[in-house]
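**Student:** need a 3D model of the sequence below.
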Amino acid sequence: MLCAKCGKEFEPDVRFCPQCGNRLDPSAPPPPVPEKINTFLVPSICAALLCCLPLGVVAIVFSSKANSAIRGGDCAKAREYAGKAKMWFWIAVVSGIVIILLRIADAVLTVLGEE
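**Tutor:** Below is the predicted model of the structure:
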């Protein structure tokens, strides 16, 4: 038999087309929808550029691993790596804020010490 959507040939007992996922048997339940996982790639890049480069790079690495796991179909590993990317993103942001505040305090104390 042929799929009406993509034209791929399939076995008669198949419910979904192996090529395009088209439902071949109307009584069959729809195929499972893949889980949407936020990998924090864009926030990690922003944290690396704007807050703390070394810690932001760690977040980017875990984001990339999460993307690879998603492409490989391993949702559990993708969630694990996305969680680590989120954690390192926040560590980079907080570290950047602390560094900025320390620099401001140092500048203020330097100016006050010169008077």
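
**Student:** can you give me every residue that contacts the spatially most central residue of the chain?
**Tutor:** Nearest residue to the geometric centre of the chain (CA atoms, centre = their mean): residue 39, 1.0 Å. Contact partners of residue 39, counting by CB atoms under 8 Å, 6 or more residues apart in numbering, are 63, 66, 67, 70, 78, 81, 82, 85. Heads up, the C-betas are built off the backbone N, CA and C, glycines and all.

**Student:** minimum pLDDT in the residues you listed, which residue is that?
**Tutor:** Note: of the contacts of residue 39, the lowest pLDDT belongs to residue 70, at 88.

**Student:** just the pLDDT at residue 33, thanks.
**Tutor:** pLDDT, read off for residue 33, is 61.

**Student:** next one: residue 1
**Tutor:** 61.

**Student:** got it, and residue 114?
**Tutor:** 82.

**Student:** now do it against residue 108, distance only.
**Tutor:** With the distance defined as CB to CB, to the nearest Å, residue 114 ends up 11 Å from residue 108.

**Student:** just send the contacts of residue 39 back as CSV, with secondary structure, distance to residue 52 and neighbour count too.
**Tutor:** Listed next are these as CSV, based on DSSP: H, G, I helix; E, B strand; the rest coil; distance: CB to CB, whole Å; neighbours: other CB atoms under 10 Å:
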residue, secondary structure, distance to residue 52, neighbour count
63, helix, 15, 25
66, helix, 20, 26
67, helix, 22, 17
70, helix, 26, 20
78, helix, 25, 22
81, helix, 20, 24
82, helix, 20, 23
85, helix, 14, 26
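
**Student:** please enumerate the strands of this protein.
**Tutor:** For the chain, applying DSSP state E gives no strands.

**Student:** about what we covered before: more neighbours, residue 114 and residue 108?
**Tutor:** Higher neighbour count among residue 114 and residue 108: residue 108, with 10 against 6, using other CB atoms under 10 Å.
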